[in-house]
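K.L.:
This is a predicted model, with the sequence first.
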Amino acid sequence: MSEPHSMLSRLKSTALRAFRDELINLTEEIAQSVVTVRLGTANLGGGTGSGWFVRPGVVVTNHHVIAGDSPLLKVRLRGGRTLPAELVGSDPRTDLAVLRCDAQAPALPVRQNSPRLGELCFAFGSPLGEYTESVTFGIVGGLGRRMPLESGLSIENLLQTDAEINPGNSGGPLVDLDGQVLGVNVMIRTD
């Protein structure tokens with residue numbers, strides 16, 4: 001009776017190892033396209049967030065990451081290289097911004113079909129601006145959420161996830177098991 005049990009245990013162990021290896025490969029692939037976005041300099045203050053390449057040289061992030069008084073924008077690539085970036089455009093209503101920098105990192109594809117409740121997802125970014133190249137794992141826990149902003153506007157059609165997101169993750173990609181972008185990490189709710 002122990003032989004079928006040990007065979008089942010080996011099958012489970014093999015499946016878990018294969019799943020682990022797939023997650024490691026996915027994380028490695030996605031991390032090449034994720035950047036840390038820094039507004040200002042250490043002397044001028046400023047904030048940090050995350051972003052990702054939608055195509056070579058073009059980074060998507062959140063508007064609130066780049067909103068501020070400093071015209072200085074920088075992106076930190078995987079491995080630590082930092083480059084100046086230029087704001088192409090920004091929309092406070094959708095909380096999105098597009099930057100340009102001189103980097104040829106691989107682009108992440110944006111998924112064309114809608115996310116499904118309960119599907120696995122991964123949040124990439126730079127929590128607190130210190131913990132670069134971070135990833136957390138969760139599920140899509142809600143669809144079509146609405147979040148009012150202090151400006152009186154609202155961001156519509158948000159995804160809710162239980163993947164841990166912290167300040168600094170804003171602007172980073174939320175991706176599916178195929179490495180396609182489901183959405184952009186935009187906020188946490190702590191209340």
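P.N.:
Good, I have the coordinates.

K.L.:
average pLDDT for the top strand by length along the chain?
P.N.:
Under DSSP state E, the strand in the chain containing the largest number of residues is strand 134-148. For strand 134-148, mean pLDDT is 89.

K.L.:
what does the helix or strand following it contact?
P.N.:
Scanning forward in sequence from strand 134-148 by DSSP states H and E, the next helix or strand is strand 154-161. With contact meaning C-beta atoms under 8 Å, 6 or more residues apart in numbering, strand 154-161 is reached by 93-95, 115, 121, 123, 138-149, 174, 182-183, 186. Using the backbone N, CA and C atoms, a C-beta is placed for each residue, glycine as well.

K.L.:
Give me the below-cutoff pLDDT ranges for the chain.
P.N.:
1-5, 7-8, 11, 41-46, 69-70, 189-191 (pLDDT under 70).

K.L.:
now the strands for it?
P.N.:
Along the chain, the stretches classed as strands by DSSP E are 34-39, 48-55, 58-61, 73-76, 82-91, 96-101, 120-125, 134-148, 154-161, 173-175, 181-184.

K.L.:
Just put the ones you listed in a markdown table and tack on distance to residue 14 and mean neighbour count.
P.N.:
Shown next, in a markdown table, are these (distance: least, C-beta to C-beta, whole Å; neighbours: other C-beta atoms under 10 Å):
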| stretch | distance to residue 14 | mean neighbour count |
| --- | --- | --- |
| strand 34-39 | 30 | 27 |
| strand 48-55 | 33 | 24 |
| strand 58-61 | 38 | 24 |
| strand 73-76 | 38 | 22 |
| strand 82-91 | 42 | 14 |
| strand 96-101 | 42 | 21 |
| strand 120-125 | 20 | 24 |
| strand 134-148 | 21 | 15 |
| strand 154-161 | 29 | 16 |
| strand 173-175 | 25 | 27 |
| strand 181-184 | 29 | 21 |
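
K.L.:
Surely residue 47 touches residue 68?
P.N.:
Yes. Between residue 47 and residue 68 there is a contact under C-beta atoms under 8 Å: 6.7 Å.
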